[in-house]
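A.B. asks: Output the structure for:
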Amino acid sequence: GNQVARLESRFSSESGDYRWFAWKISADADQQLVFISARDITEEKNTATALRQSETRYRFLIENQSEIVCRLLPTGFLTFVNEAFCKFFRVKNEDAVSCNFQDFFPENIQSQIVENLTAARQFKLDLFVPFSKNESRYLHWVFEPLNDSHIGHIGFLAVGHDITELKSTEHALRKSESNSRTLLDALPDTLMQITRDGKILNANITENTQLPFTLANIKNSTLQQIFPEELAAKFIDSFDKLDHQNPVTVFEFGLPGNTGDMQNHEARIAKSRDEDYLVIIRNVTRRKKSEFDLHQSRERTEALLDAIPDTIFRISSDGILLDIKSEDTILCKNCSSHIGKSLESSELPVKAIQKIRQMVHQVTASREMLQSELIFEADNSKHIYEARCVAINDQEAVFILRDVTEAREFQLGLEKLAADLMETKFQLEQKTDALSQTVEELKLAKIAAEAAAKTKSEFLATMSHEIRTPMNGV
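C.D. replies: Numbering: from 1, shown residues only. Just a heads-up that it's a prediction; the model follows:
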């Protein structure tokens with residue numbers, strides 16, 4: 001029979017280029033003939049070489065991509081994975097290509113992958129990959145269909161990008177927006193976003209503000225439409241006053257509320273990054289009333305303190321005079337100059353300072369009132385003060401001194417008078433006892449005299465009878 005041999009060879013042309021030829025050699029043994037044919041395959045060789053080089057570059061590019069790249073069949077089985085795929089899923093290359101793509105993801109999303117693989121079209125998926133309880137990642141996949149001109153759809157080229165940080169940022173943003181919305185809903189203030197010319201872009205109106213309009217009333221409205229003309233102009237003027245040195249403007253205004261009562265409001269205005277203005281309106285009616293009540297209470301307290309003749313010190317636990325109220329020149333000749341200084345800088349005696357420090361320390365620790373007496377000597381005379389110490393908190397105490405010198409002298413006079421009265425009473429009691437004894441003796445003497453007189457009378461009567469009888473006989 002005929003024998004056929006095939007071979008390829010390369011020749012150098014006159015231009016220096018190489019040409020490739022494919023040789024076919026067949027022999028006819030019967031006729032003892034050899035048939036040789038040649039075909040120029042230079043273009044085919046160049047194309048094949050370029051294709052191999054392209055595939056090499058493509059594989060090198062895929063292998064060194066930071067993105068996760070894989071090729072899979074329509075059934076999902078992997079036929080190629082790059083190094084990034086192996087690193088991300090912590091699997092060897094030879095183990096990965098024997099697995100199905102969906103096996104690398106949780107069961108609850110595998111059906112979503114299979115459903116998309118059945119269609120020979122491009123699709124995108126965000127897939128969740130839990131590695132452990134404390135570690136999970138998100139991948140954004142783009143699946144590009146691969147088609148063969150003869151066979152048709154042969155699989156997908158999938159490229160995955162790690163979007164965990166993006167997902168975390170989106171989650172944080174959603175959480176921040178939710179928290180901001182919750183905060184806005186919880187705030188008792190009304191918030192408005194307003195343009196320079198007074199158009200209201202956004203608003204969040206609360207019932208606590210008690211403004212004479214609702215959110216529905218001010219939609220697509222302007223400041224000039226919802227506020228009195230003068231107040232709207234004040235808002236616009238406040239916009240012009242904002243700058244780097246004055247980033248916030250605050251003013252107060254009054255408006256009839258939704259119930260008709262006059263309500264006091266405070267407006268805070270700041271410029272936003274969008275060249276708009278943020279306006280926060282707070283109802284301060286209660287605060288204003290509280291401030292008024294506090295002012296009246298303070299005036300009453302000050303009047304009460306002014307009416308009290310006592311000396312009052314407010315002292316810190318470390319002995320600093322925080323406040324002084326005194327009209328007593330013996331204790332303090334120039335009280336205001338000692339405020340903010342230590343007790344030692346005052347004109348008080350050393351023993352008195354030590355006693356005051358001791359009492360302040362005790363009351364700030366125990367929160368119980370203490371009483372004592374302090375003695376001062378001035379102008380060659382002794383002055384007695386009643387001291388009371390009460391804690392304000394664990395850092396401050398109030399020390400009250402009252403001059404009781406006259407009261408003590410009066411008390412001593414009363415005590416002396418009481419002693420004299422007791423002595424007089426004792427002497428009177430002694431004299432009364434003596435008189436009582438004399439009366440008793442006189443009573444006894446009277447009784448004895450009466451008895452003697454009776455005896456005498458009886459004797460005389462008897463004797464008279466005895467004498468009269470014989471005399472009658474005579």
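A.B. asks: Could you measure from residue 443 over to residue 457?
C.D. replies: The spacing between residue 443 and residue 457, counted by Cβ to Cβ, to the nearest Å, is 21 Å. All C-beta atoms are positioned from the backbone trio N, CA, C, and that covers glycine.
A.B. asks: again, but for residue 178
C.D. replies: Using Cβ to Cβ, which is the criterion applied here, residue 178 is 131 Å from residue 457.
A.B. asks: For the stretch 1-150 of the chain, which segments count as helices?
C.D. replies: Assignment of helices within the stretch 1-150 of the chain using DSSP state H, counting those that start in this stretch yields the ranges 42-63, 83-89, 93-96, 107-117.
A.B. asks: Do you have the helices of the stretch 251-400 of the chain handy? List them.
C.D. replies: Listed from the start of the chain, the stretch 251-400 of the chain has helices (DSSP H, counting those that start in this stretch) covering 285-307, 350-366.
A.B. asks: how does this structure divide into domains?
C.D. replies: Here the domain assignment for the chain is 3-49, 65-168, 188-289, 309-403, based on automatic domain parsing.
A.B. asks: Looking at the ones you listed, which is nearest to residue 453?
C.D. replies: Using Cβ to Cβ as the measure, domain 309-403 is the one of the domains of the chain that comes nearest residue 453, at 70.6 Å.
A.B. asks: what about that closest one, distance to the chain center?
C.D. replies: Relative to the centre of its chain, domain 309-403 is centred 39 Å away, using Cα atoms, centre = their mean, to the nearest Å.
A.B. asks: repeat for stretch 128-144
C.D. replies: Distance of stretch 128-144 from its chain centroid, counting by Cα atoms, centre = their mean, is 36 Å.
A.B. asks: where does the chain have its least confident helix or strand?
C.D. replies: The helix or strand of the chain with the lowest confidence, counting by mean pLDDT, DSSP states H and E, is helix 42-63 at a mean of 62.
A.B. asks: Any idea which residue is closest to the centre of this structure?
C.D. replies: Averaging the C-alpha coordinates of the chain gives a centre point, and the residue nearest to it by Cα atoms, centre = their mean is residue 183 (13.0 Å).
A.B. asks: residues contacting that one?
C.D. replies: Applying Cβ atoms under 8 Å, 6 or more residues apart in numbering, one finds that residue 183 lies in contact with no residue.
A.B. asks: Shouldn't it be within a helix?
C.D. replies: Yes: according to DSSP: H, G, I helix; E, B strand; the rest coil, the state of residue 183 is that of a helix.
A.B. asks: For residue 215, see how far away it is.
C.D. replies: Distance, residue 183 to residue 215, by Cβ to Cβ: 18 Å.
A.B. asks: and if you look at residue 35?
C.D. replies: 98 Å.
A.B. asks: try residue 369
C.D. replies: Distance from residue 369 to residue 215, by Cβ to Cβ: 56 Å.
A.B. asks: and the helices of the stretch 251-400 of the chain, which is most packed in?
C.D. replies: Mean neighbour counts were taken over the helices of the stretch 251-400 of the chain using mean count of other Cβ atoms under 10 Å, and the top value, a mean of 16, falls to helix 350-366.
A.B. asks: got the contact list for it?
C.D. replies: Around helix 350-366, the neighbours that count as contacts under Cβ under 8 Å, 6+ apart are 313, 315, 317, 319, 343-344, 346, 348, 368-370, 372, 374, 376, 387, 389-391, 393-397, 399.
A.B. asks: and if you look at stretch 197-212?
C.D. replies: Outside of stretch 197-212, the residues within contact range by Cβ under 8 Å, 6+ apart are 184-185, 187-195, 213-215, 218-224, 226, 232, 235-236, 255-259, 263, 265, 276, 281-283, 285.
A.B. asks: Buried only: go through those for me.
C.D. replies: Buried subset of the contacts of stretch 197-212 (neighbour count, 16 or more other Cβ atoms under 10 Å): 189-194, 213, 218, 223-224, 226, 232, 235, 255, 257, 263, 265, 276, 281-283.
A.B. asks: Packing partners of the helix or strand hosting residue 410?
C.D. replies: Using DSSP states H and E, residue 410 sits in helix 405-473. For helix 405-473, the helices and strands in contact under the criterion 3 or more Cβ pairs under 8 Å, 6 or more residues apart in numbering; DSSP states H and E are strand 381-391.
A.B. asks: Residue 73 and residue 154 touch, don't they?
C.D. replies: Yes: at 7.4 Å, residue 73 and residue 154 qualify as touching, with contact defined as Cβ atoms under 8 Å.
A.B. asks: sorry, back to before: select only the buried ones of the contacts of helix 350-366 in ChimeraX?
C.D. replies: What follows is the ChimeraX syntax selecting those of these that are buried according to 16+ other Cβ under 10 Å:
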select :313,315,317,343,346,348,370,374,376,387,389,391,396,397,399
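A.B. asks: Narrow the contacts of helix 350-366 to those in strands?
C.D. replies: 313, 315, 370, 372, 374, 376, 387, 389-391, 396-397, 399 (DSSP state E).
A.B. asks: how many other residues sit next to the nearest residue to residue 97 once chain neighbours are set aside?
C.D. replies: The spatially closest residue to residue 97, leaving aside those adjacent along the chain, is residue 78, at 5.1 Å (Cβ to Cβ, 6 or more residues apart in numbering). The local packing of residue 78 (other Cβ atoms under 10 Å) involves 21 other residues.
A.B. asks: do the same with the one 10 residues further on
C.D. replies: Using other Cβ under 10 Å, residue 88 has 19 neighbouring residues.
A.B. asks: any idea how far residue 142 is from it?
C.D. replies: Distance, residue 88 to residue 142, by Cβ to Cβ: 16 Å.
A.B. asks: and residue 216, backbone torsions?
C.D. replies: Listed backbone geometry of residue 216 is phi -70, psi -30, with angles given as degrees, to the nearest 10.
A.B. asks: Could you check how many residues crowd around it?
C.D. replies: 7.
A.B. asks: Give me the pLDDT for residue 398.
C.D. replies: Residue 398 is assigned a predicted lDDT (pLDDT) of 89.
A.B. asks: Touching, it and residue 387? I think so.
C.D. replies: No: no contact is recorded between residue 398 and residue 387 when judged using Cβ under 8 Å, the distance being 11.2 Å.
A.B. asks: burial count for the closest residue in space to residue 96 that isn't next to it in sequence?
C.D. replies: Nearest-residue entry for residue 96: residue 81, 4.5 Å, with adjacent residues in sequence omitted and distances by Cβ to Cβ, 6+ apart. By other Cβ under 10 Å, 27 other residues sit near residue 81.
A.B. asks: cool, residue 338 as well?
C.D. replies: Using other Cβ under 10 Å, the number of residues around residue 338 comes to 20.
A.B. asks: For residue 5, which of the helices of the stretch 251-400 of the chain is the nearest?
C.D. replies: helix 285-307 (108.4 Å).
A.B. asks: Quick check: residue 138 touching residue 125?
C.D. replies: No: counting by Cβ under 8 Å, residue 138 sits too far from residue 125 to count as a contact (10.7 Å).
A.B. asks: which residues do the two both contact?
C.D. replies: By Cβ under 8 Å, 6+ apart, residue 138 and residue 125 have no common neighbours.
A.B. asks: Please give me every residue in contact with residue 123.
C.D. replies: Taking Cβ under 8 Å, 6+ apart as the definition of contact, the neighbours of residue 123 are 116, 143.
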